[in-house]
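*Asks:* below: sequence and its predicted model.
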Amino acid sequence: MIPAATVRTRVRVPLRFADGYSASAEVVTFDGLADGGEHLALVFGDPVRPLVRMHSECLTGDVFGSARCDCGPQLREAVERIDRAGGVLLYLRQEGRGIGLYAKLDAYALQDAGLDTYQANTALGLPEDARDYTAAAQMLAALGITKVDLLTNNPDKVRQLRDRGVTVAATLPTGVHATPDNLRYLDAKVRYTRHTLALPELAG
Ligand SMILES: Nc1nc2c(ncn2[C@@H]2O[C@H](COP(=O)(O)OP(=O)(O)OP(=O)(O)O)[C@@H](O)[C@H]2O)c(=O)[nH]1
Ligand SMILES: [Zn+2]
């Protein structure tokens with residue numbers, strides 16, 4: 001059993017994207033989240049069987065359009081798919097797979113020197129992936145959601161949610177947002193953490 005969290009505030013926010021897509025979401029905050037993070041839920045519609053995405057914060061990708069990773073396009077895709085299907089986007093403040101923004105940028109510097117995304121974390125004395133999804137399970141429970149369709153390619157997200165009492169009825173992959181700049185990053189996800197991504201061949 002995970003500790004209970006409660007809904008703190010619900011506010012409706014109109015969303016307008018640069019490419020013209022628009023939607024309306026209810027932004028929800030919580031009290032009692034296990035890790036003390038200021039995580040957000042964006043609720044779209046009132047679905048019987050919600051489509052859920054747990055998106056880990058990536059300031060560089062989500063806000064500034066960094067092409068080193070696939071986070072920005074995945075976030076944009078998730079908003080539209082959840083808006084159409086009804087469901088919840090959990091925006092989790094787990095920058096850099098949980099190691100924080102400055103450490104992620106330290107890891108980027110090591111990647112530029114030849115390490116891959118997981119080796120770089122380890123070289124800094126940090127876990128390859130420090131994320132724990134207890135707060136996400138608490139947020140779903142506080143919203144009254146016990147059964148989800150999960151939008152992810154990451155088997156650890158599915159495993160951790162199930163371990164925390166959430167029924168994952170189906171796992172739906174995201175699109176593959178590969179570019180020359182992020183291909184090695186995506187390839188490492190497949191090799192290390194068994195992400196389900198069909199990637200184009202890596203040269204060299
Ligand atoms: N440490 C580290 N974190 C990174 C790097 N590139 C991106 N990230 C972080 O990785 C996380 C990616 O999050 P998600 O897209 O939710 O997760 P995922 O594990 O790829 O799983 P799915 O997208 O659901 O398949 C974000 O927190 C990014 O900040 C990197 O090179 N090093
Ligand atoms: Zn990113």
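*Replies:* Alright, I've got the coordinates. Ligands and ions are numbered 1, 2, ... in the order given.
*Asks:* and G204, what pLDDT?
*Replies:* On the pLDDT scale, G204 is placed at 48.
*Asks:* what number of residues lie near D46?
*Replies:* If you count neighbours by other Cβ atoms under 10 Å, D46 ends up with 8. Bear in mind the C-beta positions are built from the backbone N, C-alpha and C, glycine included.
*Asks:* any idea how far the residue nearest to it when sequence neighbours are not counted is from ligand 2?
*Replies:* Leaving aside its sequence neighbours, D46 sits nearest to G86 (Cβ to Cβ, 6 or more residues apart in numbering; 6.7 Å). Taking Cβ to the ion, to the nearest Å as the measure, G86 falls 26 Å from ligand 2.
*Asks:* R49 reaches A169, doesn't it?
*Replies:* Yes: counting by Cβ atoms under 8 Å, R49 does reach A169; the two are 7.0 Å apart.
*Asks:* what do those two both touch?
*Replies:* Here R49 and A169 have 147-149 as joint contacts, going by Cβ atoms under 8 Å, 6 or more residues apart in numbering.
*Asks:* any chance of a PyMOL selection covering the buried ones in the residues you listed?
*Replies:* Burial among the shared contacts of R49 and A169 is assessed by 16 or more other Cβ atoms under 10 Å; the matching PyMOL selection reads:
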select buried, resi 148+149
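*Asks:* so is the helix ranked longest in the chain next to ligand 1?
*Replies:* If you go by DSSP state H, the chain has its longest helix at helix 71-85. Yes: legend: contact between helix 71-85 and ligand 1 by Cβ under 6 Å from any ligand atom is shown at 71, 74.
*Asks:* which residues are contacting that helix?
*Replies:* Applying Cβ under 8 Å, 6+ apart, the set of residues contacting helix 71-85 from outside is 15, 17, 19, 21, 23, 25, 42, 44-45, 47, 51-53, 55-56, 58, 60-62, 65-66, 88-89, 149, 151, 174-175, 177.
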